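>>> Predicted model, plus sequence, below.
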Amino acid sequence: MSSNLNPLSYVVLALIGRNGASAHELVQMARSGLRLHFSGAASKIYAEPKRLARLGYVGAHREPGTTRDARSTR
């Protein structure tokens, strides 16, 4: 089973941790100081949790997103 994991898999698993994190939160964590040396890192980070879920390493569920109020001022 470990042959399915790559270096990014381990980084994503560590960031998800015990409490979980969304793909968006993972990208925010990476942008806020974690230095990842992967080309196209954001797109790979978004895709990796889905891949890990398919492999059975993490559980996943969908939640409704939040949007800004359409009446907000500019």
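Cool, the structure landed.

>>> For the top helix by length along the chain, name the packing helices and strands.
For the chain, the longest helix by residue count, based on DSSP state H, is helix 41-55. Applying 3 or more CB pairs under 8 Å, 6 or more residues apart in numbering; DSSP states H and E, we find helix 41-55 packed against helix 7-16, helix 23-31. From N, CA and C alone the C-beta is placed, and that goes for glycine too.

>>> Select, out of those helices, the one closest to residue 48.
helix 7-16 (4.6 Å; CB to CB).

>>> just checking, what packs against the closest one?
helix 23-31, helix 41-55.

>>> ranking those by mean pLDDT, which is last?
Among these, helix 23-31 has the lowest mean pLDDT, at a mean of 84.

>>> Same list, the helices and strands packed on helix 41-55, but as a markdown table with mean neighbour count and distance to residue 55 please.
Shown next, in a markdown table, are these (neighbours: other CB atoms under 10 Å; distance: least, CB to CB, whole Å):
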| stretch | mean neighbour count | distance to residue 55 |
| --- | --- | --- |
| helix 7-16 | 16 | 9 |
| helix 23-31 | 16 | 16 |
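
>>> what sits up against the longest helix of the chain?
Residues from elsewhere that reach helix 41-55, judged by CB atoms under 8 Å, 6 or more residues apart in numbering: 1, 4, 8-9, 12-13, 16, 23-24, 26-27, 30-31, 36, 38, 58-60.

>>> Skipping adjacent residues, who's closest to the residue positioned nearest the centre of the chain in space?
For the chain, residue 23 is the residue whose C-alpha lies nearest the centre (CA atoms, centre = their mean; 2.8 Å). Of all residues not flanking residue 23 in the chain, residue 46 sits nearest, at 4.7 Å (CB to CB, 6 or more residues apart in numbering).
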